[in-house]
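Participant: Got a predicted structure here, sequence first:
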Amino acid sequence: MTSRSNPQYTVPGITVQDAGTVIELLQQRLHALNDLHLTLKHVHWNVVGPHFIAVHEMLDPQVDRVRDMADDVAERVAALGGVAHGTPGALVKERSWEDYSVGRADAIAHLGALDVVYTGVIQALRAAIKTTGDIDPATEDLLIEQLRDLEQFQWFVRAHLETAGGSLATAGVATETEAAQKASVR
């Protein structure tokens, strides 16, 4: 059995070396998506307050779509000749971010923290799209489709954090905890 990223073969028109680059990039996307869907469920289970039902029900379709995204990424890794590492241990060992830091909290606090989470996922995805664009247009297309959905989900989150005047409660924050606190104050 093999667990390495560099494939022995790949799809026509892409070198094995370039496929290895794309597989490594997709592996990080897979970890990010698996982490995101678990984080969204965590929020779904731990959200409280007057906006509970709106947020609770908003998150399940996001969870479902993010899980589908992870499946698409893992299948692309396999198509390129790689091995998709989807175990919790691999995710924790290979990720470059910390666990979601907010427990049971008000809906607006969780949404503030999720805004920061989505920003990180989207920024990394945009970098991945830039890299894959020169190597593999099929992977680039897959990632662009996911970007559209993730940006829409962040818009749903931000709609709860935006004032009628257009300012965002989480503007300028760097951490989930800071975003949760700042969002809750409004």
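Facilitator: Nice, thanks for sending it over.

Participant: any low-confidence regions in the chain?
Facilitator: Applying pLDDT under 70 to the chain flags residues 1-5, 186.

Participant: and if we set it to 90?
Facilitator: 1-6, 134, 184-186 (pLDDT under 90).

Participant: residue boundaries of the strands in it?
Facilitator: 47-48, 105-106 (DSSP state E).

Participant: Tell me which of those approaches residue 54 most closely.
Facilitator: Residue 54 lies closest to strand 47-48 among these, at 9.5 Å (CB to CB). Every C-beta, even on glycine, is put in place using the N, C-alpha and C of the backbone.

Participant: Which neighbouring elements make contact with the closest one?
Facilitator: Contacts defined by 3 or more CB pairs under 8 Å, 6 or more residues apart in numbering; DSSP states H and E place strand 47-48 against helix 52-79, strand 105-106, helix 107-133.

Participant: circling back: of the strands of the chain, which approaches residue 71 most closely?
Facilitator: strand 47-48 (25.7 Å).

Participant: so what strands line up beside that closest one?
Facilitator: Sheet pairing of strand 47-48 (DSSP bridges) gives strand 105-106 (parallel).

Participant: What are the contacting residues of the strand it pairs with?
Facilitator: Applying CB atoms under 8 Å, 6 or more residues apart in numbering, the contact partners of strand 105-106 are 46-49, 51, 113, 180, 184.

Participant: Kindly report the same for stretch 80-100.
Facilitator: 2-11, 14, 16, 19-20, 22-23, 26-28, 30-32, 34-35, 39, 42-43, 70, 73-75, 77-78, 113, 117, 120, 136, 139, 176.

Participant: before we move on, what about stretch 10-25?
Facilitator: 5-9, 77, 79-82, 128, 131-132, 135-136, 138-139.

Participant: filter these to the buried ones?
Facilitator: If you count burial by 16 or more other CB atoms under 10 Å, the buried members of the contacts of stretch 10-25 come out as 5, 7, 77, 80-82, 128, 131-132, 135-136, 139.

Participant: how about the residues you listed in a markdown table, adding distance to residue 93?
Facilitator: Listed next are these as a markdown table, based on distance: CB to CB, whole Å:
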| residue | distance to residue 93 |
| --- | --- |
| 5 | 14 |
| 7 | 21 |
| 77 | 17 |
| 80 | 22 |
| 81 | 22 |
| 82 | 17 |
| 128 | 20 |
| 131 | 22 |
| 132 | 24 |
| 135 | 26 |
| 136 | 26 |
| 139 | 24 |
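
Participant: Now flag whichever of the residues you listed is closest to residue 61.
Facilitator: For the buried ones among the contacts of stretch 10-25, the nearest to residue 61 is residue 128 (23.6 Å; CB to CB).

Participant: check contacts around the closest one.
Facilitator: Contacts of residue 128 (CB under 8 Å, 6+ apart): 25-26, 28-29, 143.
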